[in-house]
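Colleague: Sequence and computational prediction follow.
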Amino acid sequence: MSTPAVTVKDLTVRYGEVLALKSASLELNSSRICGLIGMNGSGKSTLFKAIMGLVKPDSGTVHINGGTPAQARKSAAIGYVPQSEDVDWAFPVSVHDVVMMGRYGHMGFTRRPSKADKLAVDEALERVELTDYAHRQIGQLSGGQKKRAFVARGIAQNATILLLDEPFAGVDKRSEATITRLLREQASSGAAILISTHDLHALPNLADEAVLLMQKVLMHGDPQTVLRPENLALAFGLDVLGRGEDA
Amino acid sequence: MNPIDLILEPLGYGFMINALATAVTAAGVCAVLSCWLVLIGWSLMGDAVSHAVLPGVVLAYVFSVPFAIGALLFGFLAVALIGAVRDTSRIKEDAAIGIVFSTLFALGLVLISVTPSQTDLGHIIFGNLLGVSKAELIQIVILGVLALGALLLKRKDFTLFAFDATHAHAIGLNPRLLGAALLGLLALTSVVALQAVGVILVVAMLIIPGATAHLLTDRFGRMLLIAPLISVSCAVIGLYVSYYLDTASGGMIVLTQGAVFALVYLFSPTQGLLGRKIVRSLRRDAASSKHEAAAEH
């Protein structure tokens, strides 16, 4: 069997008194999309950060393509699409600038783009259908276009592991469909994709597998099974069984 | 007096030429750095570091080493102390910044009061643009060019750091190092500017030009041109006004920058409070007159 794209083993992360992840284990494989489900505070963001090597685990390990996260970062293998709240939309950069930032890992000391870099950016913009918006300031896009710009950054980067934090929050149906199609394309060309989402209805169309997280990985399987009410109840508390806000 | 003489007369004095060169250098370097500071949200940090370098500069004078070394040392000390107070107690960051920089600034004042010196170290606090010597000017220009060179060479990394430090980390850059480099350059730049406008007003030069440019453009590349252009123009205008009105030169420069910011804040065509309204009503007029012209035909 080939090495998993991401192997998280017995990962425990603490912020002071707060236990964010408790002995979480997870494998992500190439060419597959995995949906990450859990309440706020269930450790989703911490898991992303741990895979990127942004938090120091108290115990446990993260391996990426068989190596350390640091090696994976050096080879620009990890692409990250941030939550909308984490982006300064008034920042004076254009869509083109943002997508070009995906190429920095492939550039030299002063980050002068080569022909290949420019080509990769143009191609990525075309695939997310933002070519006509390339020179807009990022704040002047719709919610869905904003997300597509960041997905384009991951595509231009040639990331083999894509991490997306809530990519469908505040996104119209059409953009959601476009993003889903793009991610499916990226997966079929070999990327391992991890998506945190609250949109449980869309999950079976999007993901090959799903993970229920609550400090530890409660369940990892095909989306239909994981989304059964009795399983969701484990991660979201018992009220889902009754009326449930998410049902 | 004709306008040419108005411009040329002050240049007959050597001290005015030194003052002009110092002001232009300081204004230019500070303005470029300010573009990143205002976007990262480090304006308070700029305030803190530029004040906290004071004891470093005084000690550097005492031990006759370059001011830049003392400034760098105390600049980083301030940042480390702020981080320590914020992370290891329930004190919030703004309070931590306030405590650390004002204490270090006070230490600087105390050190000045016990240091016998020929050059009045008090000048560092309010600036002494008209008393800058040739040797000092050379030091200022060298530091300014170094800081400017480093900023422009790595400008794309700094911009990525300012915009999305997580992505910077994910693609193998080192955001901590970039942040530290930016803070180091902030300390260097403070040394450049403190002889021009003094410790107290350095922060104005580190914030106002970037903020003004941010209201005028949506492109970072243009911000990097607009900010120094405005800042340097204000420095020159402020210096001339102070010459003819016989007012404090450092204060006049900052006052000019503040006035230009106010104008841009009100009248910027895209972001200005009144500017947006004016542009909209002009468009409406143009549209309705086109309408009328069409109706007459």
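Modeller: Nice, thanks for sending it over.

Colleague: What about the residue nearest to residue B:238 when sequence neighbours are not counted, how many residues nearby?
Modeller: With Cβ to Cβ, 6 or more residues apart in numbering or on different chains as the criterion, residue B:238 has its nearest non-adjacent residue at 3.4 Å, and that residue is residue B:253. All C-beta atoms are positioned from the backbone trio N, CA, C, and that covers glycine. Neighbourhood size, residue B:253 [other Cβ atoms under 10 Å in any protein chain shown]: 29.

Colleague: What parts of chain A come near chain B?
Modeller: By Cβ under 8 Å from any Cβ of the partner chain, the part of chain A that sits against chain B consists of A:52-54, A:73-76, A:78-80, A:82, A:86-88, A:91-94, A:97-98, A:101-102, A:104-105, A:109-111, A:137, A:140, A:153, A:157.

Colleague: So how do I select the buried members of these in ChimeraX?
Modeller: ChimeraX command restricting those to the buried ones, with burial defined by 16 or more other Cβ atoms under 10 Å in any protein chain shown:
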select /A:52,53,54,73,75,76,78,79,80,82,87,91,92,93,94,97,98,101,102,104,105,111,137,153,157
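
Colleague: Next step: the residues of chain A next to chain B restricted to helices.
Modeller: Within the residues of chain A next to chain B, residues falling in helices by DSSP state H are A:52, A:73, A:74, A:97, A:98, A:101, A:153, A:157.

Colleague: biggest separation within those residues, which pair?
Modeller: Spatially, the most separated pair among these is A:74 and A:97, at 23.1 Å (Cβ to Cβ).

Colleague: still on that earlier bit, now tabulate the ones in helices among the residues of chain A next to chain B in CSV and tack on pLDDT.
Modeller: CSV is the format used below for those (pLDDT from 0 to 100):
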residue, pLDDT
A:52, 93
A:73, 91
A:74, 89
A:97, 96
A:98, 97
A:101, 96
A:153, 96
A:157, 94
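
Colleague: Just put the residues you listed in CSV and tack on distance to residue A:32.
Modeller: Shown next, in CSV, are those (distance: Cβ to Cβ, whole Å):
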residue, distance to residue A:32
A:52, 19
A:73, 22
A:74, 24
A:97, 31
A:98, 27
A:101, 26
A:153, 21
A:157, 19
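
Colleague: Show the contacting residues for the spatially most central residue of chain B.
Modeller: The centre of chain B sits closest to residue B:206, judged by Cα atoms, centre = their mean, with a distance of 2.1 Å. Applying Cβ atoms under 8 Å, 6 or more residues apart in numbering or on different chains, we find residue B:206 in contact with B:30, B:33, B:34, B:37, B:43, B:46, B:47, B:50, B:186, B:189, B:190, B:193.

Colleague: Could you give the number of residues near the last one?
Modeller: By the other Cβ under 10 Å criterion, the neighbourhood of residue B:193 contains 31 residues.

Colleague: how near is it to residue A:8?
Modeller: Remark: distance between residue B:193 and residue A:8 (Cβ to Cβ, to the nearest Å) = 48 Å.

Colleague: Could you do the first one as well?
Modeller: With distances taken as Cβ to Cβ, residue B:30 is found 46 Å from residue A:8.

Colleague: Could you tell me which strands sit next to the helix or strand where residue A:195 lies in the sheet, and their orientation?
Modeller: For residue A:195, the element it lies in under DSSP states H and E is strand A:192-196. As defined by DSSP bridges, the strand partners of strand A:192-196 come to strand A:33-37 (parallel), strand A:161-165 (parallel).
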